[in-house]
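Peer 1: Provide a 3D model corresponding to the input given below.
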Amino acid sequence: MFNMWFDKAPSVSPAAVQMGSNSTVITMNLFMEPEGFAYYSDCYVMFGDAKATSISPPLSEIGISRTLPVELSVTVPEQPSPGRYVVYAACGGEVSHSSTSIDYVALPSTDTTTVVSPAGGCVAFSACSIQVTIKDPPSTATTAASTLDISVSGPSLPAGETSWLEVLHVGGGSLQALVHIPAPQSPSAMVISISPAAAVLGFTMAQMTVTAEIAVARPVASVQSVHPSVASAAGGELVTIVAAWLPVVARRDGVERVTVGEYGRPAEVGDVGESQNIDASLTSREAVGGGRRAATGIVVKFGGQQATDVTVEFADDYSTQLVATLPPIAFSGAAQVEVSHEMLTESAQASFVLSSPGLFAQCLRGCVTSLAGGTTAIFIATGFNAADSLGLSVEGAVASVSNEKQSNGEHEITLVLPAYTTTATAPYFELYASVFATSDFLKSASALVTYRSPPDVISASFDSTGAASTYPSAYAN
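Peer 2: As a prediction, the model looks like this:
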């Protein structure tokens, strides 16, 4: 005799539930009596080792008021960790061999966010990369970048450029992605959203999306140009300074009442803002004659001496053009021009050279040398006393003077130019050498010299024998 037994496993819908949702109710379709149903009255639905917290209708009604198949509403129990769990119905401590399974899924979340940038953070007008670690990533995510989608909101990006990501690691319940952001065009909050490219069954795209917020900082204030960069220590000369990323202090229109837009800048067309008088520490301006405005809150110093007359010719969100009257200064030689504002943590600086009144110097020969120095050069200087013996220095490095002679009030010195050390990269550097009286270093005049960088090989080619080569140089003549 041959017996056949057909066992139809139960089904559950949905096939996945969210971790931590102990009130989630699923639908379970039961096609056979639970194991032990004929002998025991205490019946239950198991999810792994945990019992369902509620079953409706009760399993005891099968065969009385309910006939198979029966549809049950079952409240899922908590589980200790995400994963796949066996689901079955049974009675009296029995374990059914007729079962199905359900997935407990932990929703993805942002674990850590780290900016990978030389500046230490994202800065306006500079591209940056952000490493995002996602805990419990979507099941559809792999090491292929195409399995994830990215969107960035906040500051605008350069036209035609988009953000992109690469997946560094997947495994152990986490995913590491490196998100590359083109240069943000303004300082503000930036929100990065990462979502699976393919839907995860049983969950919405919103549930599978993680976000990370990054602050795009305003760049550090800097002095971009100073003209002239050499002036007499007697003072009185007008110096034009262009500085980047100072607080906005003036506009071409010269009005004192403006509308405040986002981030404290004067509102443009289309902005929704509040009309008010701007706080003097940020954007106050006062119209003055000659098209210039008083630079409220800005301090300019030359060689540590504050200029008393500073005006603004132009300012916008990014740059400020100042005109300062050089004050009388009690020394000459290399100095610094400093631009500061109470809202800045540190001042913006640039090199400035002060010449003693009535003293002048010029390089006649050997005025171009290498970074290593060593070139013999001849300088002339006027205005010094006949008894003065002269020396020369470049950025603090003192030259070796081999000869000095005087004629008709003019000093001529022959010397070997010292080396110039720098970490900057450029084909050449134009520097002001200080010609000074050795008996009084405050008596000095300045003369321009040029230091050329060595040739830099950018390519090489060899003939068939490997003997010949050419080296086009980035800095060669």
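
Peer 1: which helices and strands does the strand ranked longest in the chain pack with?
Peer 2: If you go by DSSP state E, the chain has its longest strand at strand 440-452. Strand 440-452 is packed against strand 333-341, strand 348-355, strand 360-365, strand 368-370, strand 376-382, strand 428-437, with contacts defined by 3 or more Cβ pairs under 8 Å, 6 or more residues apart in numbering; DSSP states H and E. C-betas here are computed from N, CA, C, even on glycine.

Peer 1: mean pLDDT and mean neighbour count added to these, as TSV?
Peer 2: Below are the helices and strands packed on strand 440-452 laid out as TSV (pLDDT from 0 to 100; neighbours: other Cβ atoms under 10 Å):
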stretch	mean pLDDT	mean neighbour count
strand 333-341	87	20
strand 348-355	87	21
strand 360-365	93	16
strand 368-370	96	17
strand 376-382	96	19
strand 428-437	90	21
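
Peer 1: how about those strands, which one is nearest Ala324?
Peer 2: strand 333-341 (8.3 Å; Cβ to Cβ).

Peer 1: Phe360: what's it in contact with?
Peer 2: Phe360 makes contact with 381-383, 445 under the criterion Cβ atoms under 8 Å, 6 or more residues apart in numbering.

Peer 1: what's opposite it in the beta bridge?
Peer 2: Bridge pairing for Phe360 (DSSP bridges) gives the partners Thr382.

Peer 1: how about Tyr451?
Peer 2: Thr369, Phe429.

Peer 1: wait, what's in contact with it?
Peer 2: By Cβ under 8 Å, 6+ apart, the contact list for Tyr451 reads 368-371, 373, 420, 428-429, 431.

Peer 1: compile those into JSON lines and extend it with columns for distance to Thr414.
Peer 2: Shown next, in JSON lines, are these (distance: Cβ to Cβ, whole Å):
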{"residue": "Val368", "distance to Thr414": "16"}
{"residue": "Thr369", "distance to Thr414": "14"}
{"residue": "Ser370", "distance to Thr414": "19"}
{"residue": "Leu371", "distance to Thr414": "21"}
{"residue": "Gly373", "distance to Thr414": "15"}
{"residue": "Tyr420", "distance to Thr414": "19"}
{"residue": "Tyr428", "distance to Thr414": "23"}
{"residue": "Phe429", "distance to Thr414": "23"}
{"residue": "Leu431", "distance to Thr414": "19"}
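
Peer 1: from these, which is closest to Thr209?
Peer 2: Using Cβ to Cβ, these come closest to Thr209 at Phe429, 51.0 Å.

Peer 1: surely the closest one and Thr450 touch.
Peer 2: Yes. Taking Cβ atoms under 8 Å as the definition, Phe429 is a contact partner of Thr450 at 7.2 Å.

Peer 1: re earlier: of all the helices and strands packed on strand 440-452, which lies closest to Gln185?
Peer 2: Across the helices and strands packed on strand 440-452, closest to Gln185 is strand 348-355 (Cβ to Cβ), at 21.4 Å.

Peer 1: what's in contact with the closest one?
Peer 2: Against strand 348-355 from outside (Cβ under 8 Å, 6+ apart): 220-223, 225-226, 229-233, 241, 243-244, 246, 302-303, 329, 331-340, 432, 434, 444-446.

Peer 1: that strand pairs with which strands, and in what direction?
Peer 2: Strand pairing for strand 348-355, determined by DSSP bridges: strand 230-232 (parallel), strand 333-341 (antiparallel).

Peer 1: got the buried residues for stretch 136-144?
Peer 2: 136-139, 141 (16 or more other Cβ atoms under 10 Å).

Peer 1: now stretch 96-108 - C-alpha only, PDB.
Peer 2: Presented in PDB, the C-alpha positions along stretch 96-108 are these (Å, rounded to 0.1, in the frame of the first residue of the first chain):
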ATOM      1  CA  SER A  96       5.900  22.100  13.200                       C
ATOM      2  CA  HIS A  97       7.800  20.900  10.100                       C
ATOM      3  CA  SER A  98       5.400  23.000   8.000                       C
ATOM      4  CA  SER A  99       6.900  26.400   8.200                       C
ATOM      5  CA  THR A 100       7.800  29.600   6.300                       C
ATOM      6  CA  SER A 101      10.200  32.400   7.200                       C
ATOM      7  CA  ILE A 102      10.200  36.200   7.700                       C
ATOM      8  CA  ASP A 103      13.000  38.700   7.600                       C
ATOM      9  CA  TYR A 104      13.600  41.200  10.500                       C
ATOM     10  CA  VAL A 105      15.300  44.200   9.000                       C
ATOM     11  CA  ALA A 106      17.100  47.100  10.800                       C
ATOM     12  CA  LEU A 107      16.500  50.300   8.900                       C
ATOM     13  CA  PRO A 108      19.800  51.900   7.700                       C
END
